[in-house]
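*Asks:* Provide a 3D model corresponding to the input given below.
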Amino acid sequence: MVDTPGRPDLGPSRSLATKIMLLAVVTSGVGVVLVCAALTVSYVREARDDAVVRTTTQADILAVHSAAPLTFDDPEAGEETLAALAADPATVAACLYDAEGRPFAWYNATPSVAKLPGRSPVPGHVWREGDLLLTRAVTMSDNELGTLALVSDMDALDSLIRRRLGAAAVIGAVAVIVSVLLAWRLSRLIVRPVHALGDTAQIVSRTGDYGVRAAKYTNDELGQLTEAFNHMLDQIQARDAELEQRNEEMEQFVYTASHDLKSPLVTIQGFVGHLRQDLGDGRHDRLDRFAGRVEEAARRMRRNIDDLLELSRIGRISSDPVAVDAAELTRSVVADHEAEISERGVVIEINEPLPTLFVDPDRLRQVIDNLLTNALKYGCNEEASRIEIGGRETDREQELSIRDHGAGIEPRYHDRIFRLFERLDTERDGTGVGLAIVKRIVELHGGRVWVESASGAGTTFFIRFPRRSALSAAA
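*Replies:* All right, here's what the predicted structure looks like:
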């Protein structure tokens, strides 16, 4: 694109502050020019109208006094009448014409008489170059005796117009300066938050640090843009942290999965080797025992695989969130464990009413089932055989709790038990995935889960959801 000489460059090479300043200068300059043009037209029109009125009044008075000289054919008396014009410096010439249109009496402020025509002009007024020619009929008793012509010089009028336009130009220049100063101030107000956004974006791009935030200076659209930008950084930072956590969990997952899957395989491989050797030696007394061990290892491997598959599906909501009666769902889960509960002699107390939760019912069942299974497995013995399930509500949150009266958990392990594949009791069967599944499901619903326990004082798991939680179907 070729630049046009004299045309302000508002292209992409200019800074925003420069564009605002140039825009203010151009806008105010055009405004001043238009105002001066309008004032010029107005001043000229007003001055000319005033001149016509003044000269007409003057001509009417002289016409009255000129009737007698024309009637008595007395040119000297006519010139004396016209000589009164000497008191008005704006009137430079005058001529009294007789009824035939011939000059009768003259008045000239200067020696030149070129400003007056040799014959009587038509009554009216004519603007000529630099002066006004006004013609008035001289009458008496409705008889036209002659014509009076006056010439008014416009130099004084032009000088007045120039003075007024000069004053207007000074005022316009002051207005331009003030507008430039205001534009400079405005450009700072506009550009400052824009620069803050740009600097923040560059820092994020250069360092990858999503923890920085742009400063908010105003509450207008730029302030809203800053808030939206910072909110975007919040989301990116949260996703980045979540991704980092997922990567750590994936590393742990790969390590633990390989270990937990390898262990049953080693067991199967070892006992299959013993079986093959016994069959080769003709021994059959250990076949049943070895086959049982192989079967148990296979079951353990299947359980590990099932847990890992279930863990991979936790990021998805299996059905739309609906209002779920937590008490009814809890009774259903307890019924599923009726045989185990009866065998262990455990008493389950459901302290109703429990809140109605807006959740995925399948996932909530899974949470309650895992926590109840955990309580039956680790929180019940011959001395402690009661599990209490309760709930409560506040204006903003809804809570469920499952309490056992078992051995309890030391506070230093309270966070660790929710990690993938963490098992505090390696003596009992388990994969260390159940509580990690609970944590993911609860967080998927916008809630949180925690444990309160001490060694020898029982354990209580709490899950808390926002009221009417809006679930996000994260993949």
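
*Asks:* Least confident secondary structure element in this structure?
*Replies:* helix 287-312 (a mean of 73; mean pLDDT, DSSP states H and E).

*Asks:* mind listing what's buried in the next helix or strand after that one?
*Replies:* Note on helix 287-312: by DSSP states H and E, the next helix or strand toward the C-terminus is strand 322-325. Applying a neighbour-count criterion of 16 or more other CB atoms under 10 Å, the buried positions in strand 322-325 are 324-325. C-betas here are computed from N, CA, C, even on glycine.

*Asks:* cool, and stretch 451-466?
*Replies:* Of the residues in stretch 451-466, those buried under the neighbour-count criterion (16+ other CB under 10 Å) are 451-453, 458-465.

*Asks:* Out of these, which is nearest to residue 408?
*Replies:* Nearest to residue 408 among the buried residues of stretch 451-466: residue 453, at 4.6 Å, using CB to CB.

*Asks:* now that closest one, which residues is it bridged with?
*Replies:* Note on residue 453: beta-bridge partners residue 459, judged by DSSP bridges.

*Asks:* Can you show me the helices along this protein?
*Replies:* Counting by DSSP state H, the chain has these helices, from start to end: 16-71, 75-82, 155-207, 221-281, 287-312, 326-336, 338-344, 361-378, 434-444.

*Asks:* Residue ranges in the stretch 51-200 of the chain under the pLDDT threshold?
*Replies:* 111-114 (pLDDT under 70).

*Asks:* Against residue 121, how distant is residue 418?
*Replies:* For residue 418, the distance to residue 121 (CB to CB, to the nearest Å) stands at 111 Å.

*Asks:* Return the member of the buried residues of stretch 451-466 nearest to residue 211.
*Replies:* For these, with residue 211 as the reference and CB to CB as the criterion, the closest is residue 464, at 27.3 Å.

*Asks:* check contacts around the residue nearest to that closest one when sequence neighbours are not counted.
*Replies:* The shortest distance from residue 464 to any non-neighbouring residue, by CB to CB, 6 or more residues apart in numbering, is to residue 399 (4.6 Å). Taking CB atoms under 8 Å, 6 or more residues apart in numbering as the criterion, residue 399 is in contact with 355, 391-393, 462-465.

*Asks:* just checking, which of these belong to strands?
*Replies:* Counting by DSSP state E, these place 391-393, 462-465 in strands.

*Asks:* Please identify the residue most distant from the middle of the protein.
*Replies:* residue 72 (92.3 Å; CA atoms, centre = their mean).

*Asks:* For residue 62, see how far away that one is.
*Replies:* Taking CB to CB as the criterion, residue 72 is separated from residue 62 by 17 Å.

*Asks:* Identify the farthest-apart pair in the buried residues of stretch 451-466.
*Replies:* With distance counted by CB to CB, no two of the buried residues of stretch 451-466 lie farther apart than 458 and 465, which are 23.7 Å apart.

*Asks:* can you count the residues close to the closest residue in space to residue 225 that isn't next to it in sequence?
*Replies:* Distance criterion CB to CB, 6+ apart; nearest residue to residue 225, sequence neighbours excluded, is residue 197 at 7.1 Å. Per other CB atoms under 10 Å, the neighbour tally for residue 197 reads 18.

*Asks:* any idea how far the closest residue to residue 293 other than its chain neighbours lies from residue 299?
*Replies:* In space, and not counting its chain neighbours, residue 293 is closest to residue 271: 5.0 Å by CB to CB, 6+ apart. Distance from residue 271 to residue 299, counting by CB to CB: 14 Å.

*Asks:* And residue 52, by the same measure?
*Replies:* Counting by CB to CB, the gap from residue 52 to residue 299 is 119 Å.

*Asks:* Likewise for residue 22?
*Replies:* Relative to residue 299, residue 22 is positioned 80 Å away (criterion: CB to CB).

*Asks:* who has more neighbours, these two?
*Replies:* Neighbours per residue (other CB under 10 Å) separate residue 22 from residue 299, with residue 22 holding more: 16 against 12.

*Asks:* And that one, what's its pLDDT?
*Replies:* We have a pLDDT of 78 for residue 22.

*Asks:* now do residue 406
*Replies:* Listed pLDDT for residue 406 reads 80.

*Asks:* I'd guessed it sits against residue 459; true?
*Replies:* Yes - between residue 406 and residue 459 there is a contact under CB atoms under 8 Å: 6.4 Å.
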